[in-house]
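> My questions concern the predicted model and sequence given below.
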Amino acid sequence: MDVLKRRFRVHSLRQNIFNSLFIGIFIPFIVLGFFLSWFSTSEMEKVLVQNTRQMLNQMDMMLTFSLKNVENTMHAIENSADIRTAMRTPADRSSQNNLRHMFSLFESQNPEIAGILFVFASDGSYISRTMQAKSRDSLTKESWYREAMGSPGKYLLLSKPIGRNLSSNLQYGDDEIMSIVKAIANPYTGNYEGVLLVDFRLSSFDENIKNIILGSKGFLYVTNTKGDIIYAPSNNVVYRIDNYTVLENSDEKSIAKIHEEYYQIIYRKSDNWNVMGVFLMGDIMSAVNIVRGLSIVLFLCIVIFMQIFFNRLDRKLFIPLNDLQKLMNVAETKTIDVKYDVQSNDEIGSLGHSFNHMISEIGKLLAMVEEEHNRKREAEFRVLQEQIKPHFLYNTLEAINWMALEHGATDIVSLVTALTKLFHISLSNGKEMISLQKEIELVENYLIIQGIRYEDAFQYEFDVDENLLDCQILKLILQPLVENSLYHGIKEKDSSGYIKISIRQENEDLLLTVSDDGVGLSEVDVCTINEMFLSEKRTVGYGLFNTNQRIKHTFGPDYGLRIESHLQGWTRIFVKHPLIRGNEDEIANRGRRT
């Protein structure tokens, strides 16, 4: 068992040494490594985000330029004389032919324009060179027509107008274009009497977007302001992105998990569309993971080397030092009854011999101090007894004399009886500890004597838990407190007074309280007395100071007196005393409690 304990202690110390080195060397290494990893990751992400934003800006500028060309074309058509004539007289063939010729001219000059159409609001008729209705239903019922008329004078961008009642001679699909529509006002009436529609080829973006590379799987795409896709490359990622949620982020970027991979999505908002950039987060982490892996391998190699090195060192040096340190801690906090087992003749062995010699000398000094302290305490108590006995004897004899002159012999008998009991209990055959019941009896006899002397100028009351009467307390600790209340509180009043002695249990201690309704003390006096109770220097009141010192010397600094008072009101003195049970003989043989 001893061998097992020894091996466990060695292992624990070695681990402590390793932990100390880990905190002092390895943690900074780890923190630095993670900081560099985080910094490189952050910087790489910033660079990639910055490049993506630049590409988004370029894409936005290209879209703006293309849309501006279309808007310029639509503006030219809107302000042409032919459109005004056609709106004034929709049935005029000449103006219709002129419009078709104008549409053809713009379509040939701008290859990104797939078709141009104008619809009259009056009868639903339309003019176009390449587009026609698929059915006889009026085009004024189309959703794009109603949207344009609902926002008169504004250019509206419509993504992939699938399902509309229009076809084209150029054989392009609805998913290959986006439409720009605008309600046109009649300059003669001021009313909006038609809608101009231009189909824009999405293929015009292909070459520019295909040349943009965002990592291994990154790409760009375009949505309208609502989040519907206008243009996107063909892949299985773009249509799994929740554009509506992404666009709600105010910082214009978001992260999405698609096919078990994380993508960062960055966007740029414009008045008519949003340009979206997507790149794989794994592209950032690939290079960083390589650096992290190498750092971890290097760190593990260092840990293994240091572990092997210090395994030998702690066996030769740190284990003996740790044993010596533990003995020092025991001697400091618990007991000095310890001895170091010296097993070597080196410096550590010399320290062990010095430690053993120091402990031996400390033990001798403590024994001397203890003996001197006990002698001093006993001498102080004897002095107190010698001061108390003549004082009470004189006062009692004075009261007896007064009663003999003024009253009958019955009262004198009571007085002498009380005095006899008081002396008997106070002596107690030299015992320092008496029962709480005897201490109360002593105080009660003292109060009987003082009550006769002062002609019942005060009343008193005992409030004691009967279960505590067999407890043992230091002799003569309540009487000085009651005497203080009587002489410094009640006696100074012009009227009769009241003294109350309360005793109760508080946790594992006794709390004794002596209260009076005398003249009280000022806050300054209360502070002075309480500071005296905490120190070893008497400033006022020999009786209170001596009582407090006796308790502290016997039971330690956690016990003693405390006072509270209100000037011209009341005073309370609290005594904290350990709860000790047993008969008087057992307590007398225990010695001083530490």
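Sure thing, it's come through.
> Do I have it right that Y498 meets D456?
No. The criterion here is CB atoms under 8 Å, and Y498 misses it with D456 at 11.9 Å. To be clear about C-beta, it is placed using only N, CA and C from the backbone, and glycine gets the same treatment.
> neighbour-wise, which of these two wins?
When Y498 and D456 are compared for neighbours, Y498 comes out ahead with 16 against 10, by other CB atoms under 10 Å.
> Show the pLDDT at the more buried one.
Looking at Y498, its pLDDT reads 92.
> so who does it touch?
F458, Q459, Y460, E461, I490, D516, D517 (CB atoms under 8 Å, 6 or more residues apart in numbering).
> and the gap between the first one and G520?
To tie it back to what came earlier, the one meant is F458. Between F458 and G520 the computed distance is 15 Å (CB to CB, to the nearest Å).
> ok, the two, which is more surrounded?
F458 (23 against 19).
> wait, isn't the more buried one in contact with I448?
No. Between F458 and I448 there is no contact under CB under 8 Å: 11.8 Å.
> burial measure for L67, as a count.
So L67, with other CB under 10 Å, has 20 neighbours.
> Verify the contact between it and D271 for me.
No. Applying CB under 8 Å as the test, L67 and D271 come out as separate, 9.6 Å apart.
> Residue ranges in the stretch 151-300 of the chain under the pLDDT threshold?
207-208, 210-211, 250, 284-288, 290-292 (pLDDT under 70).
> can you pull out the strands in it?
Using DSSP state E, counting those that start in this stretch, the strands of the stretch 151-300 of the chain run over 156-159, 166-168, 177-185, 192-201, 219-224, 229-231, 253-258, 261-269, 273-280.
> And the first one, how far out from the chain middle?
When you say that, I think you mean strand 156-159. 51 Å (CA atoms, centre = their mean, to the nearest Å).
> helices and strands around that strand, which ones?
In terms of contacts (3 or more CB pairs under 8 Å, 6 or more residues apart in numbering; DSSP states H and E), strand 156-159 is packed against helix 143-150, strand 177-185, strand 219-224, strand 229-231.
> Enumerate the positions of that strand that are buried.
Judged by neighbour count using 16 or more other CB atoms under 10 Å, the buried positions of strand 156-159 are L156, L157, L158, S159.
> OK, contacts around the second one?
This points to L157. Contacts of L157 by CB under 8 Å, 6+ apart are L67, M178, S179, I180, N224, T225, I230, N272, W273.
> redo that, cut-off 6 Å
By CB atoms under 6 Å, 6 or more residues apart in numbering, the contact set of L157 is I180, N224, N272.
> Just to check, the first one is in contact with V198?
Yes. With contacts counted by CB atoms under 6 Å, I180 reaches V198, the gap being 4.9 Å.
> who touches both of the two?
Joint contacts of I180 and V198 (CB under 6 Å, 6+ apart) are V70.
> Between these two, point out the one with more neighbours.
Using other CB under 10 Å as the criterion, I180 and V198 rank with V198 on top: 27 against 22.
> beta partners for that one?
I116, I180 (DSSP bridges).
> List the buried residues in stretch 247-266.
Neighbour-count burial for stretch 247-266 [16+ other CB under 10 Å]: L247, E252, S254, A256, I258, Y263, Q264, I265, I266.
> which one of the residues you listed is nearest R100?
When the buried residues of stretch 247-266 are ranked by distance to R100 (CB to CB), L247 comes first, at 40.1 Å.
> With adjacent residues omitted, what lies nearest to that closest one?
Leaving aside its chain neighbours, L247 sits nearest to G227 (5.5 Å; criterion: CB to CB, 6 or more residues apart in numbering).
> Can you tell me how far the one you found is from Y244?
5 Å.
> who's more crowded, these two?
Neighbour count, other CB under 10 Å: between G227 and Y244, G227 has more, with 18 against 11.
> and the more buried one, what does it touch?
Neighbours of G227 in contact, by CB under 6 Å, 6+ apart: N243, Y244, L247.
> Could you dump those into JSON lines with distance to F106 added?
As requested, the contacts of G227 are exported to JSON lines (distance: CB to CB, whole Å):
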{"residue": "N243", "distance to F106": "32"}
{"residue": "Y244", "distance to F106": "35"}
{"residue": "L247", "distance to F106": "33"}
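> Now intersect those residues with the helices, please.
N243, Y244 (DSSP state H).
> check which helix or strand covers V119.
In the assignment (DSSP states H and E), V119 maps to strand 113-120.
> Just the mean pLDDT for that strand, thanks.
91.
> which is the next helix or strand following it?
By DSSP H and E, the next helix or strand past strand 113-120 is strand 126-128.
> List the contacts of the following helix or strand past that following strand.
Toward the C-terminus, strand 126-128 is succeeded by strand 131-133 as the next helix or strand (DSSP H and E). With CB under 6 Å, 6+ apart as the test, strand 131-133 has contacts from G115, L117, L139, N165, L166, S168.
> As CSV, these with distance to S42 would be great.
As requested, the contacts of strand 131-133 are arranged in CSV below (distance: CB to CB, whole Å):
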residue, distance to S42
G115, 49
L117, 51
L139, 54
N165, 53
L166, 51
S168, 50
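> ok, of those, which come out buried?
Buried, going by 16+ other CB under 10 Å: G115, L117, L139, N165, L166, S168, out of the contacts of strand 131-133.
> Kindly indicate which of the contacts of G227 lies nearest S203.
N243 (22.0 Å).
> So which of the buried residues of strand 156-159 is the closest to E71?
Looking across those and measuring by CB to CB, the closest to E71 is L157, at 10.4 Å.
> still on that earlier bit, looking at the contacts of Y498, which two lie furthest apart in space?
Every pair of the contacts of Y498 checked by CB to CB; the farthest is E461 and I490, at 13.5 Å.
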